[in-house]
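Student: take a look and give me a structure for this.
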Amino acid sequence: MTAETSVPSTALLAGADRDGSNYTARHLLVLEGLEAVRKRPGMYIGSTDSRGLMHCLWEIIDNSVDEALGGYCDHIEVILHDDASVEVRDNGRGIPVDVEPKTGLSGVEVVMTKLHAGGKFGGGSYAASGGLHGVGASVVNALSARLDVEVDRAGNTHAISFRRGVPGAFAAAGPDAKFETGGLRKTKRVPKTRTGTRVRYWADRQIFLKDAKLSLDHLHQRARQTAFLVPGLTIVVRDEFGLGEGGSKGEESFRFDGGISEFCEYLATDKAVCDVLRFSGQGTFKETVPVLDEHGQMTPTQVTRELDVDVAMRWGTGYDTTLKSFVNIIATPKGGTHVAGFETAVTSTMNEVLRGKKLLRVAEDDIVKDDALEGLTAVVTVRLAEPQFEGQTKEVLGTSAARRIVNTVIAKELKAFLTSTKRDAAAQARVVMEKAVAAARTRIAARQHKDAQRRKTALESSSLPAKLADCRSDDVDRSELFIVEGDSALGTAKLARNSEFQALLPIRGKILNVQKSSVTDMLKNAECGAIIQVIGAGSGRTFDIDAARYGKIIMMTDADVDGSHIRTLLLTLFQRYMRPMIEAGRVFAAVPPLHRIELVQPKKGQDKYVYTYSDRELRDKLMEFQTKGVRHKDSIQRYKGLGEMDADQLAETTMDPRHRTLRRIALSDLEAAEQVFDLLMGNDVAPRKEFISSSAATLDRSRIDA
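Tutor: Just a heads-up that it's a prediction; the model follows:
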């Protein structure tokens, strides 16, 4: 035993290692090849949870999509097998099976075992591709307990399997079968015209978390998105594992020949104010990249790159912006230089044309990005060889030249649209520009309104409306705001409420129909402005639900036609300008009773007054009393307004959390809700008239308040 090893470990830690003398080269761990991937998987796939599992699948699918981008493949099949394996098939050219001279390995082995190796380097095989770093297939191989590859090429099927990155063959099915190392082998003959690749793998559960699983919804969403981006490509997703709802199995097929124009229409949820605009162009840039020469040395070489731009965009009546960006069909959810170039071009071009056409007054400031993009749905795609991404997950494009080229293409094409002299295009362009100007003026009006509130003098205790009867509690989760119809109901409600946590805001008559009005008109309306001011979270795009002053907003209107109309107008205001409150389930409608039955000589424990909330409930209750021999007065009171109740009755039936009934306003289908609001409250009269006429026969006439 040497002197060094005889020293106790504590002495090494406390003494000899303190000056670093014991830290030598033998302490350095050298990870080679796929071993590095297994040691630090997060560097390559982001995480080892469900997201990492999905990332692995898309690395394999993207290789097949790259064949489709090159025009060599038009059918991709993704199979989720019942043994937890995943298979991806394509009818592309097939991975090369000949021997790569530098390594002496077959092309399949190089692609599957060597990091930063593949057909995407050097520009010989792919002009543009999704997998750019050359680590996708090899990373999936490294993180799989078993991976099988079959390639149809040159009249033969070639096969090879891998166990955690080691090439060979399995004696039977499944990742636990007997395994022997080996190389690529021919298994059978096929027609020479048949080409393609099949990759099947079992994710290594030593690497991934136990609860990591694939998401069928995410897979369908991504497959649909890819089919939009590659017109003519069919992607079939077959679920044999049972990831569907309730463990159901099934098959979905995606193919869209309309490309990103169809994608733009699919993404848009609001009513269009212009046709889908399709802008495309290209530009070149120079880039210095290291290239491997014939002597095996990396030599800096200047190359000329081409960048293709293809954009589909259209403006709608809404105020939300939906922008999807892609590089070689790979989504870049966090944007990058191509998105920056697009946004700059739209804003600057819009300002240039607005000034030229004098739609912006001389004293007015230029519109900003948010004004120009309000209500815009756009799909921005660029294609180029070897783009620079930030990280293997490819969420942000870093190629600096993309900003300039996209800006130039979009500025030229958009200006041509905005200045078009064709009647239809000119009319649409004017609506788009007026929408942007209106958005800018609304933004400025909202800012001025906010500044005016800030300028309130310190002598004023609150800038809230004087008619607000606020509550004492500042606990948002507990507090409730009742929006009450009319001052008469307000007086009763003040006596009926619990002032500790229940606030009251009266509104006079019917508020503005905001579906027909501009944002500026809405802000000028006293009732709408008071509601937004009292809730305190802003409106529209700037709405911040965390700033809301009340946990529940309760609309308390009369149980008649006018009350229903006022409730509809209030819902229109919330749906259009404070939608997050509805989405969070914080908007309610109070349900006041319709009838009061007074019992004659009620029994012990029986209430003297019984309330019913519908005509049917009244009939059932009267039938029940008749059956049980319970006597009641013949004069049954029918409430038509909240003011007809006294405070005790209103508290007991409508406001006291222990006894009341509230109807939560839900927004389960946004698109359907938008259509209904537009039909009932919008500017277009003809569809509403047709709806009323066609629905008249189904109306229960007893419900008409006449």
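Student: and the gap between Ala154 and Glu59?
Tutor: 26 Å (C-beta to C-beta, to the nearest Å). Just so you know, the C-beta spots here come from the backbone N, C-alpha and C atoms, and that holds for glycine as well.
Student: who has more neighbours, these two?
Tutor: Between Ala154 and Glu59, Glu59 has the larger neighbour count (other C-beta atoms under 10 Å), namely 24 against 14.
Student: shaky segments in the chain?
Tutor: Along the chain, segments meeting pLDDT under 70 span 1-33, 116-135, 292-296, 391-394, 449-463, 669-674, 682-684, 697, 699-706.
Student: nearest residue to the residue nearest the centre of it other than its sequence neighbours?
Tutor: Central residue of the chain (C-alpha atoms, centre = their mean): Thr322, 9.1 Å from the mean position. Nearest non-adjacent residue to Thr322, counting by C-beta to C-beta, 6 or more residues apart in numbering: Thr377, 4.5 Å away.
Student: and that neighbour, how many neighbours does it have?
Tutor: 26.
Student: ok, it - contacts?
Tutor: If you count contacts by C-beta atoms under 8 Å, 6 or more residues apart in numbering, Thr377 has them with 264, 267-268, 313-316, 321-323.
Student: Ala68 and Asp90, how far apart?
Tutor: Between Ala68 and Asp90 the computed distance is 8 Å (C-beta to C-beta).
Student: which one's more surrounded, the two?
Tutor: Neighbours per residue, other C-beta under 10 Å: of Ala68 and Asp90, the larger number sits with Asp90, 28 against 25.
Student: that one against Gly196, yeah?
Tutor: Yes. At 5.4 Å, Asp90 counts as touching Gly196 under the criterion of C-beta atoms under 8 Å.
Student: which residues do those two both contact?
Tutor: By C-beta under 8 Å, 6+ apart, the residues touching both Asp90 and Gly196 are Cys73.
Student: who's in contact with the helix or strand harbouring Ile76?
Tutor: Using DSSP states H and E, Ile76 sits within strand 75-80. Strand 75-80 is contacted by residues 57, 61, 64-65, 68, 86-91, 214, 216, 219, 223, 233-241, 243 when judged by C-beta under 8 Å, 6+ apart.
Student: hmm, 6 Å instead?
Tutor: 64, 86-91, 234-239, 241 (C-beta atoms under 6 Å, 6 or more residues apart in numbering).
Student: give the next helix or strand downstream of the helix or strand containing Arg447.
Tutor: Under the criterion of DSSP H and E, Arg447 resides in helix 423-454. Counting by DSSP H and E, the next helix or strand C-terminal to helix 423-454 is strand 480-485.
Student: what helices and strands are in contact with that next one?
Tutor: strand 502-507, strand 552-556 (3 or more C-beta pairs under 6 Å, 6 or more residues apart in numbering; DSSP states H and E).
Student: helix or strand right after that strand?
Tutor: Strand 480-485 is succeeded, C-terminally, by helix 487-496 (DSSP H and E).
Student: ok, the residue nearest to the centre of the chain to Gly540 distance?
Tutor: In terms of C-beta to C-beta, Thr322 sits 16 Å off from Gly540.
Student: same deal with Ile45?
Tutor: 39 Å.
Student: which of the two has more neighbours?
Tutor: Legend: neighbour count by other C-beta under 10 Å for Ile45 and Gly540, higher for Ile45 (25 against 20).
Student: wait, the more buried one sits on Arg51?
Tutor: No. Using C-beta atoms under 6 Å as the test, Ile45 is too far from Arg51 to be in contact (8.1 Å).
Student: can you list contacts of the host helix or strand of Arg576?
Tutor: Per DSSP H and E: Arg576 is located in helix 561-577. Helix 561-577 is contacted by residues 485, 510-511, 513-515, 528, 539-540, 555, 557, 581-582, 587, 589, 677, 681, 705 when judged by C-beta under 6 Å, 6+ apart.
Student: related to what we said a few turns ago, can you name every helix or strand that the helix holding Arg447 contacts?
Tutor: Judged by 3+ C-beta pairs under 6 Å, 6+ apart, helix 423-454 is in contact with helix 369-373, helix 519-524.
Student: most tightly packed of those?
Tutor: helix 369-373 (a mean of 21; mean count of other C-beta atoms under 10 Å).
Student: show me the contact partners of that one.
Tutor: Contacts of helix 369-373 (C-beta under 6 Å, 6+ apart): 321, 343, 346-347, 350, 436, 439-440.
Student: repeat that with 7 Å
Tutor: With C-beta atoms under 7 Å, 6 or more residues apart in numbering as the test, helix 369-373 has contacts from 321, 343, 346-347, 350, 436, 439-440, 443, 541.
Student: how about stretch 255-266?
Tutor: With C-beta under 7 Å, 6+ apart, stretch 255-266 has contacts from 227-229, 231-234, 276, 278, 310, 312-314, 377-379, 381.
Student: now with 6 Å?
Tutor: Counting by C-beta under 6 Å, 6+ apart, 227-228, 231, 234, 276, 278, 312, 314, 377, 379 sit against stretch 255-266.
Student: in helices only, show me those.
Tutor: When DSSP state H is applied, the contacts of stretch 255-266 are split such that 227-228 fall in helices.
Student: what sits closest to Ser473 if chain neighbours are left out?
Tutor: According to C-beta to C-beta, 6+ apart, the nearest residue to Ser473 is Phe501 (4.6 Å).
Student: over to Ile566?
Tutor: Thr557 (5.0 Å).
Student: in what helix or strand does Glu150 lie?
Tutor: Counting by DSSP H and E, the element that carries Glu150 is strand 144-153.
Student: and the helix or strand that that strand is followed by, how far from the chain's centre?
Tutor: Beyond strand 144-153 on the C-terminal side, the first helix or strand identified by DSSP H and E is strand 156-163. Chain-centre distance of strand 156-163: 40 Å, with C-alpha atoms, centre = their mean, to the nearest Å.
Student: tell me the strands beside strand 156-163, with direction?
Tutor: Strand pairing for strand 156-163, using DSSP bridges, gives strand 144-153 (antiparallel), strand 166-170 (antiparallel), strand 185-189 (antiparallel).
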